[in-house]
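Participant: Got a sequence here, can you build the structure:
(chains A, B, C and D)
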Number of protein chains: 2
Amino acid sequence: MQSSKRATTPQRIERSPGIKKIAEKLGISIGTVDRALHDRPGIHPDTKKRVMAAAAELGYRPNLAARFLKSGKGLTIAVCLPRAIAHFFDDVRMGVHRAAEAHGAMVELIDYSFSRFEEGEAAAVEEALKKRVNGIILVPGRPSHARPLIGKASRCNIPVVCIGSDADGTGRLVHVATDSFSSGALVGEFLGCLNRPLRRLAVFIGSRGTSDHSEKLRGIQDSVPRHIRLKTTWEVIEAHDNAREAQHLSEKLLDTSRGLHAVYVATANSLPVLQAMDRRSLLGRIPVITTDIYPELLPYLRSGKVLATVYQHPVSQGRIAFDALHRFLVTGVRPAERILLPPLLVMRSNLDILLERSRGWSRRSQGAQRSPESVCLKG
Amino acid sequence: MQSSKRATTPQRIERSPGIKKIAEKLGISIGTVDRALHDRPGIHPDTKKRVMAAAAELGYRPNLAARFLKSGKGLTIAVCLPRAIAHFFDDVRMGVHRAAEAHGAMVELIDYSFSRFEEGEAAAVEEALKKRVNGIILVPGRPSHARPLIGKASRCNIPVVCIGSDADGTGRLVHVATDSFSSGALVGEFLGCLNRPLRRLAVFIGSRGTSDHSEKLRGIQDSVPRHIRLKTTWEVIEAHDNAREAQHLSEKLLDTSRGLHAVYVATANSLPVLQAMDRRSLLGRIPVITTDIYPELLPYLRSGKVLATVYQHPVSQGRIAFDALHRFLVTGVRPAERILLPPLLVMRSNLDILLERSRGWSRRSQGAQRSPESVCLKG
DNA sequence: CGTTATCTCGTGTACGTTACCGTTTATCCA
DNA sequence: TGGATAAACGGTAACGTACACGAGATAACG
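Facilitator: A predicted model of the protein is given here:
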């Protein structure tokens, strides 16, 4: 069979040791090494130990290119997130997909969208486990319902990344979110800069039971007294992320207590509040700060009726979650227990650039806001 | 219970057509196809045309896993950036490296640092071209010097990504930066929110000749009148990114003109200005907004002596630049001509979370950040 | 007509991994 | 002790690509 002589080039490229190196170091076959490294049956425990030791000693790292080439498909990752408050989660999903695209066919995503109010997350995760995905990215709608599923996944050795709400103590890999306390504190600091007498402040949240919301409240209540000399009183309204409830409660608030000096809507459910205030011609007179960005909010921001909104980096959260998971799956390096992003203020001046970068909402430039010709360097 | 029949499943994973498919479709060998696809010598023009047509028809995409497996090394990308104003560029470099790490051994980076004031960029790029890298990420120190080199690289079919300064019209792949105009406009808007009489404003820039700086100036001068009723006068100081010059000019300004109402330092060279103001006990009385974040600036931010700083996402700029370049090299998809990031305000409340995410500067304790002590603007 | 150079193209091997099949060894029961 | 059965392990094809090498054809030259 061997006909001609080979004149292979020396090819002195330093390659990381492969499964073959381990095999010849131990004087066994690559098949055995393969079984040892992948918990496959049909191998003697002693042999397996020797292989694992040799692999560790040589610093073996599986060659993903070869693995992908052989198996024909890459890692599969389930992306489980709610449909509700769609704009935020759509951005998260986009962040995940963008990050995954960088790896081409070597990573495959499977989307599972579920209704936030029907505990659909359980079904989604269960489905993902059935499909034997390599990892799960999850935005828990109701963390209490998600916890057992996350525990189950972790026991199956399937890492779970939580975005937004956490589910700690379940064995989840990492929690990615914006820092809620800082969000509230940032708003407090900004309000303090306004140089106005702020005696009565209203804060709209979803529920005190949600740690995200209670932390935001704690943040602003901790921050405002530090920047404002006057004694402040607080109106805390729990709207439970329900539009009708938000509308009803805000109208009630506005009608009963007149001397409101600032409003902070700490949930994405800000539209009903804004509309109620608009009807009473309060916008523009009372400083309002909201959370997140969605199309209906844009006119309020552009007109200055809403001073600023706290941006929570949905796209980045998705990207970071994916990167952490991918890195763990590939290299085995565990990310930090928790990755917190800084909340940032978005105002009229930087709104359009932000949108252009993250989405396709407002392609229109706002008149004189930007000169038509692009920036061009001239020597 | 398994079926009696061995009958393995057809394993019909839909694979994208490879070089082999093209070969058998045309009835030629894979070697010929290889030569055609890679502009290798020794192939008849007609044959090459047929191959290219067939490749296009079948939607051929090279299998990077196989390519990497065979060749033993991945894409090599040169990262050329200055040493000066180190913190910003260090972050850019970190962003590039982080993004590259996700691809493991399939991407290799080569760092070329050069001195900004000695036209070192030319040598760096030249060196990269010699090494026959697949792409170049460049922060032009002196764009006018970089232009011919970028043109040369583009003619060699080596894509160049510019971060910060642009070199447009040279064939560079894409320009990544923060939107300078928005930066200035954001500061103007924020100052407007302060609700104070701002009649005399000082803006420190590097040079009017740098488009980045002149755009920031244009931004704030366009923005302030929209938020402040009073007529404003402007002091524009060009410090040429030189610390001594900045110190001298700021002291001269502070001593000659007393009624300053706000200061915007639009370059990273803000320390001399702050020190000059501090010596005259002006900090805390006159609102100051700076640019970028570096260790020496932290005390000013934490104490409230600097109200806010405009963050330009150095890490993200690096990451985005890399991703755009990588995507282009792998899929051939050209990114947008220009990718502009939104500038964002960093204040005390979100400073530490930001640092934790991007670097290791910040001290661990959140006690300091959330201590009751604070400095408000007086007067 | 023979020799050689040039151009064009086919062939073979290797990359690291996995799946599958074949082979050897150990265990157990009749 | 023979034979059956399973456990443990060896061997190899194949994934898609890159590249060295050689075969075949054609043309140019003596």
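Participant: low-confidence ranges in the stretch 201-350 of chain A?
Facilitator: A:257 (pLDDT under 70).
Participant: Name the residue of it that lies nearest to DNA strand C.
Facilitator: residue A:330 (12.0 Å; C-beta to the nearest atom of the strand). Any C-beta I mention is one placed from the backbone N, CA and C, and that applies to glycine too.
Participant: Secondary structure element holding residue A:267?
Facilitator: For residue A:267, there is no host helix or strand (DSSP states H and E).
Participant: Kindly report the same for residue A:136.
Facilitator: Per DSSP H and E: strand A:135-138 holds residue A:136.
Participant: can you give me the helices in chain A?
Facilitator: Secondary structure of chain A (DSSP state H): helices located at A:19-26, A:30-37, A:45-58, A:64-71, A:86-101, A:120-130, A:143-155, A:180-193, A:211-227, A:243-256, A:271-279, A:298-303, A:314-331, A:348-358.
Participant: quick revisit: didn't the residue of the stretch 201-350 of chain A closest to DNA strand C look like it was pressed against residue A:64?
Facilitator: Yes: between residue A:330 and residue A:64 there is a contact under C-beta atoms under 8 Å: 6.4 Å.
Participant: Return every residue with contacts to both of the two.
Facilitator: residue B:104 (C-beta atoms under 8 Å, 6 or more residues apart in numbering or on different chains).
Participant: quick one, what contacts residue A:289?
Facilitator: A:187, A:190-191, A:262-265, A:306-310.
Participant: Give me the local confidence score for the nearest residue to residue A:227 once chain neighbours are set aside.
Facilitator: Excluding the flanking residues, the one nearest residue A:227 by C-beta to C-beta, 6 or more residues apart in numbering or on different chains is residue A:192, at 2.5 Å. Residue A:192 is assigned 93 on the pLDDT scale.
Participant: how about residue A:192, what does it touch?
Facilitator: Neighbours of residue A:192 in contact, by C-beta under 8 Å, 6+ apart: A:198, A:223-224, A:226-228, B:376.
Participant: what does chain A have sitting close to DNA strand D?
Facilitator: Chain A comes close to DNA strand D at residues A:4, A:7, A:9, A:27-32, A:35, A:41-48, A:66, A:69-70, A:72, as judged by C-beta under 7 Å from any atom of the strand.
Participant: Can you select the buried ones from those residues in PyMOL?
Facilitator: Those of the residues of chain A next to DNA strand D that count as buried under 16 or more other C-beta atoms under 10 Å in any protein chain shown are selected in PyMOL with:
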select buried, chain A and resi 28+32+35+43+48+69
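Participant: same for chain B: which of the residues of chain A next to DNA strand D are within range?
Facilitator: Restricting the residues of chain A next to DNA strand D to those near chain B by C-beta under 8 Å from any C-beta of the partner chain leaves A:66, A:69, A:72.
Participant: what's the spacing between the last one and residue B:25?
Facilitator: When distance is defined by C-beta to C-beta, to the nearest Å, residue A:72 is 20 Å away from residue B:25.
Participant: Pull out the buried residues from stretch A:57-71.
Facilitator: A:60, A:62-65, A:68-69.
Participant: So, low pLDDT: which residues of the stretch 51-200 of chain A?
Facilitator: In the stretch 51-200 of chain A, residues with pLDDT under 70: A:85-86, A:116-118.
Participant: So which residues on it come close to DNA strand C?
Facilitator: Checking the stretch 51-200 of chain A against DNA strand C by C-beta under 7 Å from any atom of the strand, the hits are A:60, A:62-63, A:66-67, A:69-71.
Participant: Out of those residues, which comes closest to residue A:103?
Facilitator: Using C-beta to C-beta, residue A:67 is the member of those that lies nearest residue A:103, at 13.0 Å.
Participant: how far away is the closest one from residue A:107?
Facilitator: Residue A:67 is 13 Å from residue A:107, by C-beta to C-beta.
Participant: Next: residue A:287.
Facilitator: 45 Å.
Participant: for residue A:182, same thing?
Facilitator: Relative to residue A:107, and taking C-beta to C-beta, residue A:182 is found at 32 Å.
Participant: on that earlier part again, turn the ones next to chain B among the residues of chain A next to DNA strand D into a markdown table, columns for distance to residue A:256.
Facilitator: Shown next, in a markdown table, are these (distance: C-beta to C-beta, whole Å):
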| residue | distance to residue A:256 |
| --- | --- |
| A:66 | 70 |
| A:69 | 69 |
| A:72 | 66 |
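Participant: Specify which member of those residues is nearest to DNA strand C.
Facilitator: Among those, and counting by C-beta to the nearest atom of the strand, the member closest to DNA strand C is residue A:66, at 3.4 Å.
Participant: Just give the nearest non-adjacent residue to that closest one, would you?
Facilitator: Per C-beta to C-beta, 6+ apart, closest to residue A:66 is residue B:69, 5.2 Å.
Participant: I'd say the one you found and residue A:65 touch.
Facilitator: Yes: using C-beta under 8 Å, residue B:69 is in contact with residue A:65, at 4.6 Å.
Participant: mind giving me the domain split of chain A?
Facilitator: If you go by automatic domain parsing, the domain ranges for chain A are A:70-172+A:315-341, A:180-312.
Participant: Now distance to residue B:205 too, for these, in TSV please.
Facilitator: TSV is the format used below for the domains of chain A (distance: least, C-beta to C-beta, whole Å):
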stretch	distance to residue B:205
domain A:70-172+A:315-341	30
domain A:180-312	24
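Participant: Number of residues surrounding the closest residue to DNA strand D within the stretch 251-379 of chain A?
Facilitator: Nearest residue of the stretch 251-379 of chain A to DNA strand D (C-beta to the nearest atom of the strand) works out as residue A:330 at 18.3 Å. Residue A:330: 20 surrounding residues under other C-beta atoms under 10 Å in any protein chain shown.
Participant: residues near the residue nearest to residue A:291 when sequence neighbours are not counted, how many?
Facilitator: If the residues on either side of it in the chain are set aside, residue A:291 comes closest to residue A:310, at 4.9 Å by C-beta to C-beta, 6+ apart. As a burial measure, residue A:310 scores 25 neighbours (other C-beta under 10 Å).
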